[in-house]
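>>> I'd like to go over a predicted model; first the sequence, then the structure.
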Amino acid sequence: MADPAPIIRLRGVTKRYPGIVANDSIDMEFRQGEVHVLLGENGAGKSTLVSMLAGLQQPDEGVIEVEGVPTALSSPERALELGISTVFQHSMLVPTLTLAENAALGGRWWRNPDRRGHEARMAETAARIGVVLTPSALTGSLSLGERQQAEIVRALMRGARFLILDEATAMLTPHDAAGLGQLMRRLASEGVAVVFITHKLNEAIEYGDRVSVLRLGRKVGGIAPEEMRALTPRAATERIVHLMFGAQDAAVAAVAPPPVGADAPVVLECLALHVADATVPVSAINLTVAAAEILGIAGIDGNGQKELAEAIAGQRPISSGRIRLDGAFIDGLDVGGRRRAGLRYVTDDRLGEGTVGGFPVSINLLLKQIGDPPFWQGGIERPAKIDENARALVKAFDIRTPSIHTPAGKLSGGNIQKLLLARELTGSARAVIFAKPTYGLDLQNIAATRRRIREAAGRGCAAIVISTELDELLELAHRIAVMSQGRIVGVVPNDADARRRIGELMSGVAA
Amino acid sequence: MSGLFTDAFIIALLAGVVAATVPLLLAGLGEQISEKAGVLNIGIEGMMLMGAYGGFYVAWASGNLWLGFLGGGIGGMVVGALMALFCVRMGLNQIVVGIALTLGAEGVTALLHYEQFSRLYPRLSVMAPLPIPGLSQIPIVGPALFTREPVVYLAFALVPLFVWLFRRTQLGLMLQAAGDKPAALDTAGVSVLKIRTIAVLATGLLVGFGGAFLSIVAAGVFVPFMTHGNGFIGIVLAMLARGRPTWVMGGALVFGTCLSATTALQVAGVDVPTDIIQMLPFVAVMAVLLVAGRKARLPAALGAAYVRGER
């Protein structure tokens, strides 16, 4: 069989944003009749790559070739003209228009949208690829899965031959996701080049012909179609887990901390914790963390980690279960009460919920103690005490700020994180929850943050570290719990076999 | 009171309703286009004032009332262009800019009027009515509704035109998409900023016509602050109309009746302080908002600037 030229080829494509390289010299090719899966964690650079293919962003370096010709995808319109269509995770249909009207949208403004004609063509296209839909239905009344199928049909009506499905299954029910997977296979057999972005391994293996794995902006590897066919699902999963979470630089990786002695006192306990009222319901969480122990929580982002952290911190009501700190139940206390009891929460939403950007550093360092003595006396601010506290913490935690009166929002991400750590780790902390503590930081700040976490544990705190970076947990944690769909699917000690077992737990192989 | 409802009085009342309705109708239809496209256009009171001033000035300077309407439309569009520049292109807060434009237009028109007309007080000639053959012969209704200035008929003719535009053209779909899901319009290859700019300019044009109607037809003079909340009522009308031009017309007639009734009650010598009578339309606005406001459905992206790539 002759090898046809790829419909799109990326050569050395690089995209930089202030402070980070989102895509670093990516080479990739997309062929007709192939489902090409792009895998990677959040922040791996998938979205940036997609937005360049869709014409929303321009590469800083490198070339995108369309059928062998270097082409500037300068706008979404240009991409559409070339037959490149994108279906985003969030529906891009106007909810107050019907499906057919959505398909008709665009063209000369005085033209009649020709609803009948579009309805007929839409029904015809849908039937061709085996999709059931009602073109005259109001978009807002349909499920997300139905809307996505309609978007795919619309893309084909517009002559799409290169279809990007950006995290298309992320918001779908398992049933809808399976339907979309079958649709992808049918589209490929019709000769469409499909790019499917996901972070679910089982989907990648089930529907993909070719897999490419991105990590921290780089393409770290992939599986070619012929290889893909030869591998069993199990072997393919192992390959991909290896690529995604990498056993790279085994020599450099820090030695895992020794396990905490069995006699260490339990500090923080979650007993059958349930949080029903959340986008990702959290259920049946049983966790114990001993003094001086670091418990890692691994898992793909959005599997209930954030909800769990907020529930423990008191920011989210729990529906049942109990939380115990140093033997005393704290689930009846509010956020402030739990803080006074010694529970601290370092949020990953540093600017949104961790700090008030417009407030000076000095006040942000006391954000959770506003009104408390000695910094406030009878409701009156004591600037001298506040500044004194701020100067001490800025020095101790090496917060690089022009002044303690600089608004916190003006600091860099790393310094905001230091500010948060300074606030949460001082005083009588007994247990600290770190949510993605190094997310978005540069190497130096990552190292500093990890050192602080170790120090906190060294002082006898119980620490929970939530991270999507497995390497981080393997470096820090004594034990690692894996969270998936709101549940803890397993807890493994951090030993030589941990990486493999966690990978399996994450991909659902061992579940 | 028994002699109040003479034929002449009823004709005057009906004629007053029509005269009061036209500016509201134009303001409401204009605001509706902006709101459909996702721009909450608080500046229309200012557009209307500029329309009133521009209309009056051009009509007075040229001696041609029709040219005056053109001047009014341009006056409204100038303010509309500023609104489009600040809110659509630069993405500034629509409410703040809208208020600023209204206040600015009040100041500018009052100043220009003071400079040019404070000693002259010119009056415009009366626009000749165009009786509609047949209909104008009907007693009472004929002279009140069908022996009117041509611009009155044109204003009401805009309603079916807009129904057609919204329902039967791509523009209608595009406006709705720009207001409800601008990113969808963008990915369909239509510039959101372009559609919104066109919408805001069209608003300026229509509202400017409404202002010109006030100064040229209804009053024959320009008086500072003469729009007197007409633009703001137009915003309410557009919000209550749920995107339907016919509802704007219905609402304009209700408020037009209230406005006209204030005059009629004063003429009839009802023994109530005029200040209270003049409050009537605004009390009506609040009453209608209380009853119908809860059901108003506004576009999802109303008031939000569109920046490509932000979700």
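Yep, that arrived.

>>> who's in contact with the host helix or strand of A:Leu393?
Element membership of A:Leu393 [criterion: DSSP states H and E] is helix A:383-396. Contact with helix A:383-396 is made by A:361-363, A:365-366, A:374-375, A:399, A:401, A:404, A:422-423, A:426, as judged by CB atoms under 8 Å, 6 or more residues apart in numbering or on different chains. (C-beta placed from N, C-alpha, C; glycine too.)

>>> restrict these to those near chain B?
Among these, proximity to chain B is found for none (CB under 8 Å from any CB of the partner chain).

>>> ok, which stretches of chain B are helices?
Assigned by DSSP state H, chain B shows helices spanning B:7-36, B:44-62, B:65-83, B:94-117, B:141-145, B:150-168, B:170-180, B:182-187, B:192-212, B:230-240, B:245-267, B:274-292.

>>> so which of those is the most surrounded?
helix B:44-62 (a mean of 30; mean count of other CB atoms under 10 Å in any protein chain shown).

>>> now that one against helix B:7-36, angle please.
120 degrees (axes from the mean of the first three to the mean of the last three CA atoms, to 10 degrees).

>>> pull the distance from helix B:44-62 to the chain's centre.
Distance of helix B:44-62 from the chain centroid (CA atoms, centre = their mean, to the nearest Å) equals 13 Å.

>>> quick one: it to helix B:230-240, angle?
Using the same axes, to 10 degrees: helix B:44-62 against helix B:230-240 is 130 degrees.

>>> just the CA atoms of helix B:44-62, as PDB, please.
Extracted in PDB, the C-alpha atoms of helix B:44-62 (Å, rounded to 0.1, in the frame of the first residue of the first chain):
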ATOM      1  CA  ILE B  44     -28.900  55.400  23.800                       C
ATOM      2  CA  GLU B  45     -30.300  58.300  25.800                       C
ATOM      3  CA  GLY B  46     -27.200  60.200  24.600                       C
ATOM      4  CA  MET B  47     -27.600  58.900  21.000                       C
ATOM      5  CA  MET B  48     -31.100  60.200  21.100                       C
ATOM      6  CA  LEU B  49     -30.100  63.600  22.300                       C
ATOM      7  CA  MET B  50     -27.400  63.900  19.700                       C
ATOM      8  CA  GLY B  51     -30.000  62.800  17.100                       C
ATOM      9  CA  ALA B  52     -32.400  65.400  18.300                       C
ATOM     10  CA  TYR B  53     -29.800  68.100  18.200                       C
ATOM     11  CA  GLY B  54     -28.300  67.000  14.900                       C
ATOM     12  CA  GLY B  55     -31.700  66.600  13.400                       C
ATOM     13  CA  PHE B  56     -32.800  70.000  14.500                       C
ATOM     14  CA  TYR B  57     -29.600  71.700  13.400                       C
ATOM     15  CA  VAL B  58     -29.500  70.200   9.900                       C
ATOM     16  CA  ALA B  59     -33.200  70.800   9.400                       C
ATOM     17  CA  TRP B  60     -32.800  74.500  10.500                       C
ATOM     18  CA  ALA B  61     -29.600  75.100   8.500                       C
ATOM     19  CA  SER B  62     -30.800  73.400   5.300                       C
END
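
>>> which residue, other than its chain neighbours, is closest to the residue in the stretch 1-150 of chain B that chain A sits nearest to?
Distance from chain A to each residue of the stretch 1-150 of chain B (CB to the nearest CB) is smallest for B:Lys36, at 10.2 Å. Closest residue to B:Lys36 apart from its sequence neighbours, by CB to CB, 6 or more residues apart in numbering or on different chains: B:Leu175 at 4.4 Å.

>>> assess the claim that that neighbour and B:Ile195 are in contact.
Yes - shown here, B:Leu175 and B:Ile195 form a contact pair, counting by CB atoms under 8 Å, at 6.4 Å.

>>> find the residues that touch each one of those two.
In contact with both B:Leu175 and B:Ile195: B:Ala37, using CB under 8 Å, 6+ apart.

>>> can you name the residues of chain B sitting close to chain A?
B:168-174, B:176-177, B:180-181, B:183-190, B:299-300, B:308-309, B:311.

>>> buried residues in stretch A:487-506?
A:487-492, A:494, A:498-506 (16 or more other CB atoms under 10 Å in any protein chain shown).

>>> and which of those is nearest A:Ala168?
A:Met506 (20.6 Å; CB to CB).

>>> any idea how far A:Ser484 is from the closest one?
Look at A:Met506 and A:Ser484: by CB to CB, to the nearest Å, they are 7 Å apart.

>>> and for those two, which residues touch both?
In contact with both A:Met506 and A:Ser484: A:Gly299, A:Ile300, using CB under 8 Å, 6+ apart.

>>> tell me the contacts of the closest residue to A:Glu29 other than its chain neighbours?
Spatial nearest neighbour of A:Glu29, excluding adjacent residues (CB to CB, 6+ apart): A:Pro6 at 3.8 Å. Residues near A:Pro6 by CB under 8 Å, 6+ apart: A:Glu29, A:Phe30, A:Arg31, A:Glu65.

>>> most neighbours among the residues you listed, which one?
A:Phe30 (22 neighbours; other CB atoms under 10 Å in any protein chain shown).

>>> who does it form a beta bridge with?
Here A:Phe30 sits in beta bridges with A:Ile8, going by DSSP bridges.

>>> isn't it up against A:Leu38?
No - counting by CB under 8 Å, A:Phe30 does not reach A:Leu38; the two are 9.9 Å apart.

>>> spit out the residues that contact the two alike.
The contact lists of A:Phe30 and A:Leu38 share A:Val195, where a contact means CB under 8 Å, 6+ apart.

>>> in the sheet, who's paired with A:Lys219?
A:Leu214.

>>> contact partners for it?
Neighbours of A:Lys219 in contact, by CB under 8 Å, 6+ apart: A:Ile26, A:Asp27, A:Met28, A:Ser212, A:Val213.

>>> helix or strand for A:Val289, which one?
A:Val289 belongs to strand A:282-290, assigned by DSSP H and E.

>>> hmm, which helix or strand of the chain has the shakiest average pLDDT?
If you meant another chain, say so; for now it's chain A. Counting by mean pLDDT, DSSP states H and E, chain A has its least confident helix or strand at helix A:233-245, which shows a mean of 78.

>>> let's do chain B instead
helix B:274-292 (a mean of 79).

>>> any idea how far the residue lying farthest from the centre of chain A lies from chain B?
Distance from the C-alpha centroid of chain A peaks at A:Gly378, with 44.1 Å (CA atoms, centre = their mean). According to CB to the nearest CB, to the nearest Å, A:Gly378 stands 39 Å off from chain B.

>>> ok, stretch A:50-63 near chain B or not?
Yes - using CB under 8 Å from any CB, stretch A:50-63 comes into contact with chain B via A:Ser51, A:Ala54, A:Leu56, A:Gln57.

>>> coming back round to it: which one among the buried residues of stretch A:487-506 gets closest to B:Gly293?
Among the buried residues of stretch A:487-506, and counting by CB to CB, the member closest to B:Gly293 is A:Arg487, at 45.2 Å.

>>> surely A:Gly413 meets A:Thr438?
No - A:Gly413 is beyond contact range of A:Thr438, at 10.2 Å (criterion: CB under 8 Å).

>>> what's the overlap in contacts for the two?
Joint contacts of A:Gly413 and A:Thr438 (CB under 8 Å, 6+ apart) are A:Asn445.

>>> neighbour count winner among those two?
A:Thr438 (23 against 15).

>>> list the contacts of the more buried one.
A:Gln417, A:Asn445, A:Ile446, A:Thr449, A:Arg450, A:Ser467, A:Glu469, A:Glu472.

>>> what about these, which one has the most neighbours?
A:Gln417 leads these on contacts (other CB under 10 Å) with 29 neighbours.

>>> residue ranges with poor pLDDT in the stretch 51-200 of chain B?
Low-confidence segments of the stretch 51-200 of chain B (pLDDT under 70): none present.

>>> and with 90 instead?
Within the stretch 51-200 of chain B, the segments meeting pLDDT under 90 span B:63, B:91, B:115-150, B:183-191.

>>> with that, I have no additional questions.
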